[in-house]
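Q: below are the sequence and a predicted model; questions follow.
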Amino acid sequence: MTAGLKSIPKPAAAAGGARRENNRFSKWLNKEGSAYAFLSPYALLFIVFIVVPVGVAFLLSFTYFDTIQFPTFIGLRNYIALLTQDEIFMKYVLPNTIQFAVIVGPGGYVLSFMLAWMLAQLPHIPRTILALILYSPSMTSSITMAVIWQTLFSGDQNGYLNSFLLRLNVIQEPVQWLQSPEYLMLIMIVVTLWSSMGVGFLAMLAGILETNPELYEAGSLDGIRSRWQEIFYITIPSMKPQMLFGAVMSIVGTFQAGAIGVTLSGANPTPQYAGQLLVNHIEDFGFLRYEMGYAAAISVTLLLMALIFSRLAGRLFGGEE
Amino acid sequence: MKRRFFRKSFGLRNGGINPSGFHPSQLQFYIILAPIVLFMVLPIVFIVSTAFKPTEELFIYPPRFFVYNPTLKNFGDLFNLMSTANVPVTRYLFNSILVTAISMAASVVVSTTAAYALSKKRFKLKKTLFAINTVALMFVPIAVTIPRFLIIARMGLIDSFLVHILPALAMPVGLFLLKQFIDGIPDEVIEAAQIDGASDVRIYWRIILPMIKPAIATIAILTFQATWNNADTSSMYINIESLKTFAFYLTTLTASASGANTVAGQGIAAAAALIMFLPNLLIFVILQSQVMSTMSHSGLKG
């Protein structure tokens, strides 16, 4: 850092020079131009690949669009159909999504906090090794892992889980794990939890480690007597921002993981819609039935759900600080 | 008396957060963590084990989890395999490496410049723009697959190499982490440089960049994971077989592995999965301390 400072050249002559154009634009350019210049490459990509797609999804959701003819405006009909006529949505997709999201979202979040907290109680070297092991599943992509899951949960007696359970006499005949409506959701949840200790987990681990140790000493003088009290009265309040970051990451991760059912079972729709989540419903209508307007309405619903849950988390962990 | 006992057994100095050495009170955590860690690591052990299994061990009944006579045959088979379109595996691998390398470099440039502006420059829309980026943290890319497809098609990016790279560069999490990290650099440092007459570019290049190396490492890793593991881009936007990536090739292996020769294909697919996974692991192991120091700046205010 000091090296960087030393190497800065002698004062440039132009620094104090007067450039007092009356032109408002060049004044603005002088003052703020360079900021926008630095910002523009990112801003451009951000607009093209995030803002515009969201905007297009929003606009399309009010239209009928079959990709061939120009979209025709139909008002709120897509949303009304989604809420009143889409039997699959109401019967399978919505309950599935809620079940999946509630367990993987808050469940995974609490799990990653508890794991991070326990790791923080260990010395540096074992902590680093264990954190690496817990984090590494999140580095695998769900698509590459399909190889592994399909082998482990293979439906014949050669499948690893089947053969293991058969030998223990837990089951009498092989189970079609990934094709059976009863187990698919459970496996989806387990697999997603397995790979959910990602950036949010690391952030919370860092947050716990950063907590000022004097707070704990003060706390013990003030009569905090159990580890649980310590967590609720000291650790969490002093790392609220990291808690919120972790929460947002886990919410987005949960919705982003929606394709897992199709990846595991190899079919969209999933067997008897057992693993059908919002994301699959979008693809079903968008890419298989070419009802883009309707698919866009589901997209908007999904985005709104992520936003609302994140806002709720913000309520929980936001506040004064 | 009670308190003294508490202090002794769960004492906050010898136990507690970030202890410097072993203490018996840590045993309980090891005991709870052990089964979880085992569960987390087993699938990864399984990839490694299966990747080195000879054919007979893949067919063995009852199936065995661990490999007994490891062999490199699966890797050899993988590289001798030709895809249906006569594209060698090495070509997919080359594409992946190229795409990932360019994306990492470009992402670092694009995100650091923007983060510098959002953190240290003064302009009217600064707060608003950062707030927009923070909302975008809650953005779920998979939800807008279809509009994205329409836009990319309209821009003529279908079947171009750029489509692997450009969408990965708009990464709100990356910008967020960088901006928070740069906030930690005191304004005085920048002001001192300005008084010395340093230009913006010079401040960015000579002061900011050297001071935010941990955050740069983190962005690089996040971009790496996003592009290296990405099979969707190839399957959606690329029709020319020789422009597709290794991650995509792996999905074709899984698809055919569920077909007729399920068992025989397992070893090859596992070998490919291992090749996918190892670079992720290596990069993270090398840079993990940098990532952790970035993450302590990750706080999000509600």
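A: That came in fine, so what should we check first? Residues are numbered from 1 along each chain as shown, chains lettered A, B, ... in the order given.
Q: report whether stretch B:280-293 contacts chain A.
A: Yes - for stretch B:280-293 and chain A, the contact criterion (CB under 8 Å from any CB of the partner chain) is met by B:Asn280, B:Leu281, B:Phe284, B:Val285, B:Gln288, B:Val291, B:Met292, B:Ser293. The way it works is simple: take the backbone N, C-alpha and C, and place the C-beta from them, glycine included.
Q: and the residues you listed, which are buried?
A: Buried subset of those (neighbour count, 16 or more other CB atoms under 10 Å in any protein chain shown): B:Asn280, B:Leu281, B:Phe284, B:Gln288, B:Val291, B:Met292, B:Ser293.
Q: give me the number of residues near A:Asp160?
A: If you look again at residue A:160, you'll see it is Tyr, not Asp. By other CB atoms under 10 Å in any protein chain shown, the residues close to A:Tyr160 number 18.
Q: swap that for B:Ile31, sorry
A: Neighbourhood size, B:Ile31 [other CB under 10 Å]: 9.
Q: separation between it and chain A?
A: To chain A, B:Ile31 is 10 Å away according to CB to the nearest CB, to the nearest Å.
Q: for the top helix by length along chain A, which residues meet the burial criterion?
A: Taking DSSP state H as the criterion, chain A has its longest helix at helix A:292-317. Within helix A:292-317, the residues scored as buried using 16+ other CB under 10 Å are A:292-303, A:305-306, A:309-311, A:313-314, A:317.
Q: where does chain A have low pLDDT?
A: A:1-22, A:143, A:318-321 (pLDDT under 70).
Q: so what's the gap between stretch A:83-101 and the chain middle?
A: 20 Å (CA atoms, centre = their mean, to the nearest Å).
Q: and the strands in the stretch 51-200 of chain B?
A: Counting by DSSP state E, counting those that start in this stretch, the stretch 51-200 of chain B has no strands at all.
Q: what ranges do the helices span in it?
A: B:55-59, B:73-80, B:89-120, B:126-136, B:145-154, B:162-169, B:172-183, B:187-195, B:200-202 (DSSP state H, counting those that start in this stretch).
Q: could you confirm whether the longest one reaches chain A?
A: Pointing back at helix B:89-120 there. Yes - applying CB under 8 Å from any CB, one finds helix B:89-120 touching chain A at B:Val109, B:Val110, B:Ser111, B:Thr113, B:Ala114, B:Tyr116, B:Ala117, B:Leu118.
Q: write the PyMOL selection for whichever of the residues you listed are buried.
A: Selection of the buried residues among the residues of helix B:89-120 next to chain A in PyMOL, burial being defined by 16+ other CB under 10 Å:
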select buried, chain B and resi 110+111+113+114+116+117+118
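Q: closest one of the residues of helix B:89-120 next to chain A to B:Met171?
A: Nearest to B:Met171 among those is B:Ser111, at 6.7 Å by CB to CB.
Q: how far away is that closest one from A:Tyr42?
A: 6 Å (CB to CB, to the nearest Å).
Q: what do those two both touch?
A: Counting by CB atoms under 8 Å, 6 or more residues apart in numbering or on different chains, the shared contacts of B:Ser111 and A:Tyr42 are B:Leu169, B:Leu175.
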